[in-house]
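Undergrad: whatever this is, show me its structure:
(5 chains)
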Amino acid sequence: MKKIGIADTMFSRFDMGNLAISTIKDSGESIKTERYTVPGVKDLPVACKILFEDHGCDIVMALGMPGPKQIDKQCAHEATIGLMNVQLEKKKHIIEVFVHIDEAENERKLTEIVKDRTIKHARNAIALLKGKTELTRFAGQGIRQGGENAGPLVHIY
Amino acid sequence: MKKIGIADTMFSRFDMGNLAISTIKDSGESIKTERYTVPGVKDLPVACKILFEDHGCDIVMALGMPGPKQIDKQCAHEATIGLMNVQLEKKKHIIEVFVHIDEAENERKLTEIVKDRTIKHARNAIALLKGKTELTRFAGQGIRQGGENAGPLVHIY
Amino acid sequence: MKKIGIADTMFSRFDMGNLAISTIKDSGESIKTERYTVPGVKDLPVACKILFEDHGCDIVMALGMPGPKQIDKQCAHEATIGLMNVQLEKKKHIIEVFVHIDEAENERKLTEIVKDRTIKHARNAIALLKGKTELTRFAGQGIRQGGENAGPLVHIY
Amino acid sequence: MKKIGIADTMFSRFDMGNLAISTIKDSGESIKTERYTVPGVKDLPVACKILFEDHGCDIVMALGMPGPKQIDKQCAHEATIGLMNVQLEKKKHIIEVFVHIDEAENERKLTEIVKDRTIKHARNAIALLKGKTELTRFAGQGIRQGGENAGPLVHIY
Amino acid sequence: MKKIGIADTMFSRFDMGNLAISTIKDSGESIKTERYTVPGVKDLPVACKILFEDHGCDIVMALGMPGPKQIDKQCAHEATIGLMNVQLEKKKHIIEVFVHIDEAENERKLTEIVKDRTIKHARNAIALLKGKTELTRFAGQGIRQGGENAGPLVHIY
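TA: Below is the predicted model of the structure:
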């Protein structure tokens, strides 16, 4: 059975890990999950590596909510560089689900973004487990996570 | 027969992967293609590595349309760092075809840029398969993809 | 017995290393510590690697106080990239405890931040030694080090 | 006989590769050259690696003219990170000769910068082939490529 | 006998390499030095690697004076990333002594900064050769190179 790793943070203001796990369970797919919780996003890369190497995960979701300040953007960047390195070393995808706290003007909207992005990316993780052209039917369709799809440019011409 | 990998995204608002494949087919060259579609540009590097290692690609085109915000620039930067690492590990070129959504003032112009850049870089990929001096006749000629050539400075003096 | 490495700097304006060590001792846990002091934050990564490889540390705290200027942010960024690489190579956590000198409007507040962040992250280091779900009960709770918790978004809806 | 690799781009508006090669020839030194032309600066690192590994180069000049926009600076940065990684892997110098298109107010001045920087760095490449203290007599002398030397501070006091 | 590598640049406007060497000699310690001069700061990382691997250095000082422009900050950043990678690969310290030309309002002050930072960091390099707690007595003391110490926050409360 395939296994999806769930790496999440205490810093996040929403239990994204729990939502990702329940989305995977509700998918009806026969997939196991394995969780690892760290303080903040910069601690996620080594957690992901451990989920791959010691817990046999086939793909990992890295979930976090970076803060609103410039230094927080820098932290998110550093976390992503680490996640990239782990992916390339293991030759396996890490689906990064980061919601920046300044993406929304209020907490209600922020919650909507977090939920939408987490659920949709959990479905992307499941799709990527099935093969490299599973998402090809959506290629170039302007698909978004965390809000409405932008749609394809080609429809206009 | 040589093989060109085509890594593209759902996030893109134009089916760049399809255009790249048809450009390669229309070239008359005897080249196979292999496609891999991911959610966004940060997922491209591991897809490229898989296209090289598991699907025998000789070169890969990494196609995407990063969004207009500062955070999108950061994502594109992170994707490029990953693509760079894959290239150096495999000692093979990845032709990055990124069109930033804020490059054009309207969607018609944006579509023109996407098409022009994708087609021209598909031809560059074919040329690089032929050898390291295949493009030397264009060296220093101010060649552009996605718009008109800037031309060489030397003509003015 | 588990061992926590303590890498700290002369540049810092507070003896964060000493506070981290006393926090670990006061925890009542049976944990040893090993210290390494360097000039500034960019010297921390190699110190952390030495603490892991030559001194058998299971986790390392990297403590520093980057200056207030833009170039100092760049130095902190470079230090973090190095710390990330060490973590991934050793597959062990480095808890980065950086306090930027411009985080507070005065020295009293700055001291409070340094103390709070150092103590709380020492506790996080201890928790991570116990396993990957030790902190899961705090996942998504908006936990902060260096100030009050932001709390979870979910409580509002 | 020593060999200098010449990696250049189609994007550049000046044939820097050709000028580098003729400068090396005109030096009277017994040095061979090997050329590799790519579309843009981000394609240079893998070309340099191939020049070292498959063509026996002892040092490589990486020549390019990044564009004037912020995204072009980012591309140049990404290229440099790749060039750095190749240098460290091969333990051989890559002399990066980048001229940013916004360095000069007009095309005449830009051409002067390109020529001056390319010629002087070709001479630096030759010097570095001779040993690690070949350039020591110029240490701290404020030497510039692409314009006049700044000169040493020490002369003033 | 221990050996300190001295990697310096022609770009620098002060002969930092010579000052570092004389500081080490004047220290009375039994330490050898080995010099490597390159054009600019981005050429330092591979020089440092060569000093470690081919010349048996135990620690290296990387000395340079990055220019005042934004692109110069980017170059310094790229150099530092390379220096970081060399340190981690060799598990040995590189003491980076960079003085940014815009740090001082005039050349006299700039010269003072260069001298002070070079001398103090030469002493730090010597101290680090003696062991990992040699500098612990200065931990958290707000020690600066290139100007007056900031001093510890703790003295105020």
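Undergrad: near chain B at all, stretch A:28-44?
TA: No. If you take C-beta under 8 Å from any C-beta of the partner chain as the test, stretch A:28-44 misses chain B, and the best it gets is 13.1 Å. Using the backbone N, CA and C atoms, a C-beta is placed for each residue, glycine as well.
Undergrad: is any part of that stretch close to chain C?
TA: Yes. Contact of stretch A:28-44 with chain C is found when judged by C-beta under 8 Å from any C-beta, involving A:35-39, A:42-43.
Undergrad: which bits of chain A sit near chain B?
TA: When proximity is defined as C-beta under 8 Å from any C-beta, chain A approaches chain B at A:73, A:76-77, A:80-81, A:84-85, A:87-88, A:91-93, A:95-96, A:100, A:121, A:124, A:128, A:132-136, A:138-145, A:150-154, A:156-157.
Undergrad: show me which of these are buried.
TA: Judged by neighbour count, with 16 or more other C-beta atoms under 10 Å in any protein chain shown as the criterion, the buried members of these are A:73, A:76-77, A:80-81, A:84-85, A:87-88, A:92-93, A:95-96, A:100, A:121, A:124, A:128, A:132, A:135-136, A:138-145, A:150, A:152-154.
Undergrad: centroid-nearest residue for chain A?
TA: Most central in chain A under C-alpha atoms, centre = their mean is A:V97, positioned 2.9 Å from the mean C-alpha point.
Undergrad: thought A:R117 was touching that residue, still the case?
TA: Yes. A:V97 is in contact with A:R117 according to C-beta atoms under 8 Å; the separation is 5.7 Å.
Undergrad: what residues are shared contacts of the two?
TA: Counting by C-beta atoms under 8 Å, 6 or more residues apart in numbering or on different chains, the common neighbours of A:V97 and A:R117 are A:Q145.
Undergrad: quick one on the thing from earlier: in strands, which of the residues of stretch A:28-44 next to chain C appear?
TA: Among the residues of stretch A:28-44 next to chain C, the members falling in strands (DSSP state E) are A:35-38.
Undergrad: for chain A, which residue gets nearest to chain C?
TA: A:D15 (3.2 Å; C-beta to the nearest C-beta).
Undergrad: contacting residues around that residue?
TA: A:D15 makes contact with A:8, C:139-141, C:152, C:154 under the criterion C-beta under 8 Å, 6+ apart.
Undergrad: please work out how many residues are found near A:A20.
TA: Using other C-beta atoms under 10 Å in any protein chain shown, A:A20 has 25 neighbouring residues.
Undergrad: which residue ranges form the strands in chain A?
TA: Read by DSSP E, chain A holds these strands, from start to end of the chain: A:2-9, A:31-38, A:59-64, A:94-98.
Undergrad: out of the ones you listed, flag the one nearest B:T111.
TA: Relative to B:T111, the nearest member of the strands of chain A by C-beta to C-beta is strand A:94-98, separated by 28.6 Å.
Undergrad: roughly how far apart are the nearest residue to A:F98 once chain neighbours are set aside and D:G146?
TA: Excluding the flanking residues, the one nearest A:F98 by C-beta to C-beta, 6 or more residues apart in numbering or on different chains is A:G64, at 5.3 Å. Counting by C-beta to C-beta, to the nearest Å, the gap between A:G64 and D:G146 amounts to 43 Å.
Undergrad: between those two, which has more neighbouring residues?
TA: Ranked by neighbour count (other C-beta under 10 Å), A:G64 and D:G146 place A:G64 first, with 26 against 20.
Undergrad: give the full set of residues in contact with that one.
TA: A:G64 is in contact with A:8-9, A:11-12, A:16, A:40-41, A:44, A:76, A:79, A:97-99, counting by C-beta under 8 Å, 6+ apart.
Undergrad: D:T111: which of those residues is nearest?
TA: A:A76 (41.6 Å).
Undergrad: ok, the closest residue to the closest one other than its chain neighbours - contacts?
TA: When the adjacent residues along the chain are set aside, A:A76 lies closest to A:P66, with 4.0 Å between them (C-beta to C-beta, 6+ apart). A:P66 makes contacts with A:41, A:72-73, A:75-76, A:79, A:98-101, as judged by C-beta under 8 Å, 6+ apart.
Undergrad: most neighbours of all the residues you listed, which one?
TA: Highest neighbour count within those: A:V41, with 29 neighbours (other C-beta under 10 Å).
Undergrad: hmm, that one is touching A:I81, no?
TA: No. Under the criterion of C-beta under 8 Å, A:V41 is not in contact with A:I81, lying 11.3 Å apart.
Undergrad: what's the longest helix seen in chain A packed up against?
TA: Longest helix of chain A, by residue count under DSSP state H: helix A:107-130. In terms of contacts (3 or more C-beta pairs under 8 Å, 6 or more residues apart in numbering or on different chains; DSSP states H and E), helix A:107-130 is packed against strand A:2-9, helix A:16-26, strand A:59-64, strand A:94-98.
Undergrad: buried ones in the first one, by neighbour count?
TA: So that's strand A:2-9. Counting neighbours by 16+ other C-beta under 10 Å, one finds that the buried residues in strand A:2-9 are A:3-9.
Undergrad: would you mind listing where chain A has pLDDT under the threshold?
TA: Applying pLDDT under 70 to chain A flags the ranges A:154-157.
Undergrad: contacts only, for the closest residue to chain D within chain A.
TA: Nearest residue of chain A to chain D, counting by C-beta to the nearest C-beta: A:I81, 10.6 Å away. If a contact means C-beta under 8 Å, 6+ apart, then A:I81 has B:78, B:81, C:81, C:84 as its contacts.
Undergrad: go on, A:I4?
TA: The contact partners of A:I4, by C-beta under 8 Å, 6+ apart, come to A:24, A:31-34, A:57-61, A:122, A:125-126, A:129.
Undergrad: quick check: the gap between it and A:Y36.
TA: A:I4 sits at a distance of 12 Å from A:Y36 (criterion: C-beta to C-beta).
Undergrad: related to what we said a few turns ago, against chain B, how distant is the residue of chain A closest to chain C?
TA: Counting by C-beta to the nearest C-beta, to the nearest Å, the gap from A:D15 to chain B is 22 Å.
Undergrad: A:G5 now?
TA: Computed with C-beta to the nearest C-beta, the distance linking A:G5 and chain B is 15 Å.
Undergrad: equivalent analysis for A:E78, please.
TA: Distance check for A:E78 against chain B: by C-beta to the nearest C-beta, it reads 10 Å.
Undergrad: now that residue: closest residue in space that isn't a chain neighbour?
TA: Leaving out its chain neighbours, A:E78 is closest to C:T80 (C-beta to C-beta, 6+ apart), at 4.7 Å.
Undergrad: gap between that neighbour and chain E?
TA: Looking at C:T80 against chain E, where the rule is C-beta to the nearest C-beta, the gap reads 10 Å.
Undergrad: verify the contact between that residue and A:A79 for me.
TA: No. The pair C:T80 and A:A79 fails to qualify as a contact (C-beta under 8 Å) at a distance of 9.3 Å.
Undergrad: list residues touching both of these two?
TA: Counting by C-beta under 8 Å, 6+ apart, the residues touching both C:T80 and A:A79 are A:K42.
Undergrad: so what's the residue in chain A positioned nearest to chain B closest to, chain neighbours aside?
TA: Distance from chain B to each residue of chain A (C-beta to the nearest C-beta) is smallest for A:G140, at 3.2 Å. Counting by C-beta to C-beta, 6+ apart, the nearest residue to A:G140 once its immediate chain neighbours are dropped is B:D15, at 3.2 Å.
Undergrad: just to check, A:C75 is in contact with A:D43?
TA: No. Contact between A:C75 and A:D43 fails when scored by C-beta under 8 Å: they sit 10.5 Å apart.
Undergrad: returning to what we had before: beta partners for the residue nearest to the centre of chain A?
TA: Beta bridges link A:V97 to A:L63, judged by DSSP bridges.
Undergrad: now do the same contact list for it.
TA: Counting by C-beta under 8 Å, 6+ apart, the residues that A:V97 touches are A:16, A:20, A:61-64, A:117-118, A:121, A:145.
Undergrad: C:I113: which of these is nearest?
TA: Proximity of the contacts of A:V97 to C:I113 was ranked by C-beta to C-beta; the top entry is A:G64 with 21.6 Å.
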